[in-house]
Every structure is written in structure tokens, then in C-alpha cells.
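# only geometry, no sequence info:
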């Protein structure tokens, strides 16, 4: 049995247009199905407006889909009983793109990381502190950072704290929603390396939602491509992706810049804004 199963999920947002009496329906997701196995990472690629964020919310239990099911460890996350939902919340964690808006600015790093421990574990103050220090060290920080506030960290450091919080309960699956896209290239590489190490060390599974092809291939075992709310392609290797003749995939490939500026060329058919 797969760890996560997304089965024929569709969702639309209704919006009222000015001077029109009838609501219009904006279909964001259409008949999406895929699965994630334990210990693997599925990279979900898509441009802005492809439906990635909505799909992430659906999987996290934040946005109930109008059609379809999301099964986590065999349980329907929207129809499970209270006890099962609590277990799902423990085993399914998330790291968002904006590291600063993901935390309470009035909380220290120690409090941020200890939040899930307080909700699910019965630890003494000494045990909780030791656990938090261990988590900080595991993501490349140290005990001196315990009492610091979010504004005292760089974006990359604060994202490490968000990751520490996400792994605190040793979850089964972490949804990484554009979790490195706001970081500079060097910090991105370091965070991706950390995520890969944690995946191996803890036996984690990831759903890595991104628009960045290079980031996706650096960490993912398989790749899915979302385009206008549809999962148009799935690949088990880089070769399959780079050989695809699908127009949307070709546009994505064309958007990848060469490593050195002298090897880059401008697509003359594209408009510049």
C-alpha cells in the first residue's frame, strides 16, 4: 500500500464577476491521481498558476476537494475519525516557502521547534530541551540559537528551524511547498543537501512542490508535471523528462539557463515584460 494516494481529485473556485448575475467556476485541479511510496520523493513541477499550491492544501487537509479522495496510510484524510485525523496530523508535516510567515515572530527558536512536541509528546522540561537542541544540531544550528527570535536569523537559518520543527515528531511524509525558492542559490543547495540527508537518516518521504527543474531533479526520485490543473506527465528518470515532446515540457526545458552566461541564448519568439 502506498503511503499517499491522490485519487481523481478535482477542485474549482467560484467567483462572481462584476455586472454578471451568475457565478463563474474556475477549475484549478482536474482529475489528478498519483501516489508516493515510503522513503521516496515525488517532485511536482509546475509554473505559476498550475494549481500546485491548491493541490498542496488538498493533500494537507486544508482544502477539501470537490471530487476525489486523498488517502494517507490507507485513511481518507477528510472522512477519518478524530483519533485517526490526529495521527495523520502527526505523520504529515509541511515546510512552506516563506520561512518568516511560517513562524510566530514572538517565539524563540526553542518554542517554535518544541510546539509539536508539546502537542504530541509527554516530555519533561529537560527532555524537551535536549530534544530541541538535538534537532537544532541536526539541521546545522546549535544550542546558542535556542533563545534567538526569527528576526535574528537569515532566511536560510530560519528555514532550517522550520525543517527542525517538521521532523520533530518523525513524520512519515513532509510536503515541501516551494521551500527553497525564496533562498539564494548557495543556500538552496545547502538546504537541498540537508533535506536529502534527513530523508535517508529518518526514512522520510517528500512531496517536493516547485517550479525549479534543477531543484526538483536534485532531490526527487520521480517527477510529475502539473499544467493548468492537470497532471500531464510523470517520469521515473531525468532522461524521460528531457526526451519528452510535450509542448509544456519543452517550454520548461527551454527556460533552464545554462550554467555560464556565455552559453545562454534569448528565445526570440518569447515576449519580454
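It's in. Not measured: the values here are computed from a predicted model.
# low-scoring stretches of the stretch 1-150 of the chain, by residue?
Within the stretch 1-150 of the chain, the ranges that satisfy pLDDT under 70 run 15-25.
# Mind jotting down where the strands sit in it?
4-16, 23-36, 41-45, 67-72, 75-76, 92-95 (DSSP state E, counting those that start in this stretch).
# can you put these in a markdown table and add distance to residue 56?
To be clear about C-beta, it is placed using only N, CA and C from the backbone, and glycine gets the same treatment. Below are those laid out as a markdown table (distance: least, Cβ to Cβ, whole Å):
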| stretch | distance to residue 56 |
| --- | --- |
| strand 4-16 | 11 |
| strand 23-36 | 11 |
| strand 41-45 | 8 |
| strand 67-72 | 11 |
| strand 75-76 | 18 |
| strand 92-95 | 8 |
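# To residue 239, which of those lies closest?
Ranking the strands of the stretch 1-150 of the chain by proximity to residue 239 (Cβ to Cβ) places strand 41-45 first, at 15.0 Å.
# how many other residues sit next to residue 184?
12 (other Cβ atoms under 10 Å).
# In three-state terms, how would the closest residue to it other than its chain neighbours be classified?
With Cβ to Cβ, 6 or more residues apart in numbering as the criterion, residue 184 has its nearest non-adjacent residue at 7.8 Å, and that residue is residue 156. For residue 156, the assignment made with DSSP: H, G, I helix; E, B strand; the rest coil gives helix.
# now residue 156: how far from residue 231?
According to Cβ to Cβ, to the nearest Å, residue 156 stands 31 Å off from residue 231.
# Next: residue 57.
Counting by Cβ to Cβ, the gap from residue 57 to residue 231 is 16 Å.
# Nearest the geometric middle of the chain, what residue?
By Cα atoms, centre = their mean, the chain has its centre lying nearest to residue 176, at 1.8 Å.
# Hmm, residue 192 and that residue touching each other?
No: in this structure residue 176 lies outside contact range of residue 192 using Cβ atoms under 8 Å: 9.7 Å.
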